[in-house]
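Undergrad: no sequence on this one, just coordinates:
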């Protein structure tokens with residue numbers, strides 16, 4: 001079992017991952033309504049990925065004999081003034097998630113819970129990828145500026161993203 005302190009923190013993280021999924025689903029629906037199906041697709045893939053992250057945490061808690069406690073998901077925004085704004089919000093949000101993961105690692109290390117520390121390293125690496133991807137899209141959008149053809153091209157590019165389910169087992173990688 002993980003300690004009660006780590007159990008509470010992981011339960012908080014599970015709910016943060018589910019909130020993230022809900023946020024990205026909202027972004028997907030917004031851009032679908034804006035006629036940008038590729039960008040909507042990118043966010044829909046993010047939605048599925050965040051669900052996998054929550055599921056991975058839940059399976060870990062179950063494997064360790066701990067209790068998973070789901071709480072209500074807070075409201076998310078439902079519209080964004082631009083594609084750039086949405087991706088800036090995405091990066092900002094992913095940086096918050098990175099800090100939450102780092103906090104979990106700190107607790108695991110303080111409690112000398114080496115199994116949990118090892119488990120959490122997958123998420124540490126995942127967050128590096130999440131922030132890098134969002135920053136790359138922001139950089140592209142800043143170069144594009146108000147160029148409609150540029151947004152159209154990016155929309156087509158992001159539309160090619162396919163979802164690859166993560167291994168959500170308590171011990172598996174991606």
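TA: Thanks, I have it. What you are looking at is a predicted structure, and each value in this text was computed from that prediction instead of being measured. Numbers count the residues shown, from 1 in each chain.
Undergrad: alpha carbons only for contacts and neighbour counts from here, please
TA: Noted.
Undergrad: Next, name the residue at the spatial heart of the chain.
TA: Nearest to the mean C-alpha position of the chain, by CA atoms, centre = their mean, lies residue 50 at 4.5 Å.
Undergrad: before we move on, which element is that one in?
TA: Assigned by DSSP states H and E, residue 50 belongs to helix 37-63.
Undergrad: pLDDT below threshold where in this protein?
TA: 172-174 (pLDDT under 70).
Undergrad: and the particular helix or strand that has residue 109 in it, which residues are buried?
TA: Assigned by DSSP H and E, residue 109 falls within helix 83-110. Residues of helix 83-110 classed as buried: 83-84, 86-88, 90-91, 94-95, 97-98, 100-102, 104-105, 107-108 (neighbour count, 16 or more other CA atoms under 10 Å).
Undergrad: quick one: buried residues of the next helix or strand after that helix?
TA: As assigned by DSSP H and E, the chain's next helix or strand after helix 83-110 is helix 114-144. If you call a residue buried by 16+ other CA under 10 Å, then helix 114-144 has these buried ones: 116-117, 119-120, 123-124, 127, 130-131, 134-135, 137-138, 141, 144.
Undergrad: what does stretch 154-172 give?
TA: So for stretch 154-172, counting by 16+ other CA under 10 Å, buried means 154-156, 158-159, 166, 168-170.
Undergrad: now these in a markdown table, with distance to residue 77 and secondary structure?
TA: Below are these laid out as a markdown table (distance: CA to CA, whole Å; DSSP: H, G, I helix; E, B strand; the rest coil):
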| residue | distance to residue 77 | secondary structure |
| --- | --- | --- |
| 154 | 23 | helix |
| 155 | 21 | helix |
| 156 | 25 | helix |
| 158 | 22 | helix |
| 159 | 22 | coil |
| 166 | 26 | coil |
| 168 | 28 | coil |
| 169 | 31 | coil |
| 170 | 32 | coil |
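Undergrad: For residue 85, give its distance to residue 27.
TA: According to CA to CA, to the nearest Å, residue 85 stands 11 Å off from residue 27.
Undergrad: what does residue 45 give?
TA: As judged by CA to CA, residue 45 and residue 27 stand 11 Å apart.
Undergrad: same thing with residue 140?
TA: If you go by CA to CA, the gap between residue 140 and residue 27 works out to 19 Å.
Undergrad: Number of residues surrounding the residue nearest to the residue nearest to the centre of the chain when sequence neighbours are not counted?
TA: Spatial nearest neighbour of residue 50, chain neighbours left out: residue 21 (5.0 Å); criterion: CA to CA, 6 or more residues apart in numbering. When neighbours are counted by other CA atoms under 10 Å, residue 21 registers 24.
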